[in-house]
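>>> whatever this is, show me its structure:
(one chain, ligands or ions: 1)
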Amino acid sequence: MNHQEQFDALLKSNTPFLALAPMQDVTDSAFWNLMHRYGGADIYWTEYFRVHAVSRPEKWILKSIAENATCRPVIAQMIGNDIPSLIRTAKELQQLPVAAIDLNLGCPAPIVYRKCAGGGLLREPLRIDSILGALREAVSIKFTVKTRVGFSDVREFDTLLPIFAKHSLDALTVHARTVAQMYRLPVHYDLIRQASETMSCPVIANGHVYSAAQAQELLAQTKARGLMIGRGVIRSPWLFNQIRQQLQGEPITYPTGREVLAYIRALWESQASFDAAEKIQCERMKKFINYLGEGVPAPFLHQIRRSQTEAEFYRICGEFLDHDRTMLLEPLAEAAAPTASTLADNL
Ligand SMILES: Cc1cc2nc3c(=O)[nH]c(=O)nc-3n(C[C@H](O)[C@H](O)[C@H](O)COP(=O)(O)O)c2cc1C
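A predicted model of the protein is given here:
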């Protein structure tokens, strides 16, 4: 089956499907392939292609599409507001081995929303209407949207939903926070249910999925056909399989401290770049560990954030993780990790 047929099968299946969320600077093919070693998602999203009058699809994202070794479908995401440029890019991207073209209507980074792209477009529903109409006509493969529930107020969703419903989308992912909320709680799961009940296409629930039991509850509560997970699987790549175990009524398998340590090593190797200085590699790893560290008792995160060398980084990891006890890797308040993600704030 090609990517589009695989996605079609997921959308038609009675079993909920699991997606890895698009994450700038994280979800490249190295990360997808690493997730796949732990069971992985049923479908992957690229980080967004920035689209404007003179844009060309970013080479490193094209490389990820070409190097996807997960045997699972990939969806190409775009961000932008210029209709001719979005059409031009979508037509180019749909020639690649991708399952669908997705439009980002959620990015909360000020540099993006001030240009009225990503989450910024949610302030202009009529403009969204025109963009979706034009893209739906131009895209000959599946066309999907990933949205937040409003710019500054959840009540905006009542205006947005009929627009999404109008354009024969193939799937709608709802990250149930407003743009103004950034990554703060609460996630408005009731609005995902509203979308599931309104839309004729499948709805994918997104936002703060962190455990198998909670994932099962969310599927029931939101009536979503799939779950999209971002930071929760950076923290624990075991989460995808744990959710599958939960849905099948099987006992959940948790990793030991040493298995978590092995994941950190695999993450380092997947991110290693030969020309980067050790300190830069360390800084890059800390971005991932910011999430993983939310599930490790304090003062792990505090110490790891101060590490400067590979040896120091691994000494601290060893001190907290070189053991055979199982780990839930769910967010612990005591780990004192930032609620708004450091990475996302930097976008
Ligand atoms: C570092 C980072 C980068 C992100 N980049 C993108 C992106 O390129 N496109 C997008 O639609 N969402 C992006 N997001 C949002 C995620 O896809 C997701 O909607 C959000 O993190 C909520 O899901 P989670 O709680 O499971 O992480 C990003 C989030 C993070 C943390």
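>>> residues touching the closest residue to the ligand within the chain, list them.
At 2.8 Å from the ligand, Gly230 is the closest residue in the chain, using Cβ to the nearest ligand atom. Using the backbone N, CA and C atoms, a C-beta is placed for each residue, glycine as well. Contacts of Gly230 were listed using Cβ atoms under 8 Å, 6 or more residues apart in numbering, and they are 20-23, 206.
>>> please apply the same query to Pro108.
Shown in contact with Pro108 (Cβ under 8 Å, 6+ apart): 118-119, 148, 179-182, 344.
>>> in strands only, show me those residues.
Arg148 (DSSP state E).
>>> mind putting the contacts of Pro108 into TSV with pLDDT, distance to Gly106 and neighbour count?
As requested, the contacts of Pro108 are exported to TSV (pLDDT from 0 to 100; distance: Cβ to Cβ, whole Å; neighbours: other Cβ atoms under 10 Å):
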residue	pLDDT	distance to Gly106	neighbour count
Gly118	97	6	27
Gly119	97	5	27
Arg148	98	4	30
Val179	98	7	27
Ala180	97	12	14
Gln181	97	11	21
Met182	97	11	16
Ala344	42	11	19
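>>> returning to what we had before: ramachandran angles for the residue of the chain closest to the ligand?
For Gly230, the backbone dihedrals (degrees, to the nearest 10) come out as phi -110, psi -90.
>>> from Leu20, how far out is it?
7 Å (Cβ to Cβ, to the nearest Å).
>>> gap between the two ends of stretch 290-297?
13 Å (Cα to Cα, to the nearest Å).
>>> buried stuff in that stretch?
290-296 (16 or more other Cβ atoms under 10 Å).
>>> ok, stretch 240-253 next?
Buried positions in stretch 240-253, judged by neighbour count with 16+ other Cβ under 10 Å: 240-246, 252.
>>> what about those residues, which are in helices?
Per DSSP state H, helices hold the following members of those: 240-246.
>>> I figured Lys146 hits Ala100, correct?
No - Lys146 lies out of contact with Ala100 (Cβ atoms under 8 Å); the separation is 10.9 Å.
>>> what about the protein, any weak spots by pLDDT?
Along the chain, the model assigns pLDDT under 70 to residues 274, 334-347.
>>> how does it divide into domains?
3-247, 257-345 (automatic domain parsing).
>>> most packed of the ones you listed?
Most buried of the domains of the chain, by mean neighbour count (mean count of other Cβ atoms under 10 Å): domain 3-247, with a mean of 20.
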